[in-house]
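K.L.:
Kindly return the folded structure for what I paste below:
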Amino acid sequence: MTVYVETDFLLALAKDEDWLKQPAEETLEERDVVTSPHAYLELLLVHERHEYDYVRLFANLLELVPVEDQVDRQKVLKAVSYYDEGLTPFDAFHAATAETHGHPILSSDGAYEAVDAQHHALEPDDS
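P.N.:
Below is the predicted model:
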């Protein structure tokens with residue numbers, strides 16, 4: 001049986017010590033698990049409080065705890081790359097989602113100019 005897991009499961013696997021580590025590891029042995037890009041976004045937000053090698057962690061966790069489909073996997077991988085280039089976790093996931101679906105981003109946030117995401121500036125009409 002496949003079960004959906006959320007961020008507490010990912011954190012239990014990521015941390016050296018966690019009160020849920022043993023049950024999470026046992027679950028990996030007994031069941032197939034999946035999650036969503038939202039859980040990985042939340043994990044990236046946690047990085048803001050606790051420094052860790054998030055690039056390697058995400059690559060390893062995506063093998064253990066995949067997202068449902070390849071499109072979502074691409075979103076997570078691209079978001080980590082954009083975060084590594086300096087975007088905030090939310091901006092990184094917005095850019096990755098837009099790019100994965102082939103859409104430009106319409107936003108007043110100039111941060112998107114620093115990455116490969118296609119960006120159209122949202123600006124007031126000067127007339």
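
K.L.:
Could you give the separation of stretch 26-33 from the chain centroid?
P.N.:
Distance of stretch 26-33 from the chain centroid (C-alpha atoms, centre = their mean, to the nearest Å) equals 21 Å.

K.L.:
Okay, buried residues for that stretch please.
P.N.:
Across stretch 26-33, burial judged by 16 or more other C-beta atoms under 10 Å covers 27, 33. Every C-beta, even on glycine, is put in place using the N, C-alpha and C of the backbone.

K.L.:
And the strands in the chain?
P.N.:
Applying DSSP state E to the chain gives strands spanning 2-4, 32-34, 105-107, 119-121.

K.L.:
Relative to residue 56, which of the ones you listed is closest?
P.N.:
Judged by C-beta to C-beta, the one of the strands of the chain that comes nearest to residue 56 is strand 32-34, at 19.7 Å.

K.L.:
Now the closest one: average pLDDT?
P.N.:
Strand 32-34 carries an average pLDDT of 96.

K.L.:
Identify all contacting residues around that strand.
P.N.:
1-5, 9, 27, 64-68 (C-beta atoms under 8 Å, 6 or more residues apart in numbering).

K.L.:
so what strands line up beside it?
P.N.:
Partners of strand 32-34 in the sheet, by DSSP bridges, are strand 2-4 (parallel).

K.L.:
Among the strands of the chain, which comes closest to residue 72?
P.N.:
Nearest to residue 72, of all the strands of the chain, is strand 32-34, at 9.6 Å by C-beta to C-beta.

K.L.:
which helix of the protein spans the most residues?
P.N.:
helix 70-84 (DSSP state H).

K.L.:
Give me the distance between that one and the centre of its chain.
P.N.:
The gap between where helix 70-84 is centred and where its chain is centred comes out at 6 Å by C-alpha atoms, centre = their mean.

K.L.:
Please apply the same query to stretch 42-53.
P.N.:
For stretch 42-53 - counting by C-alpha atoms, centre = their mean - the centre lies 11 Å from the chain centre.
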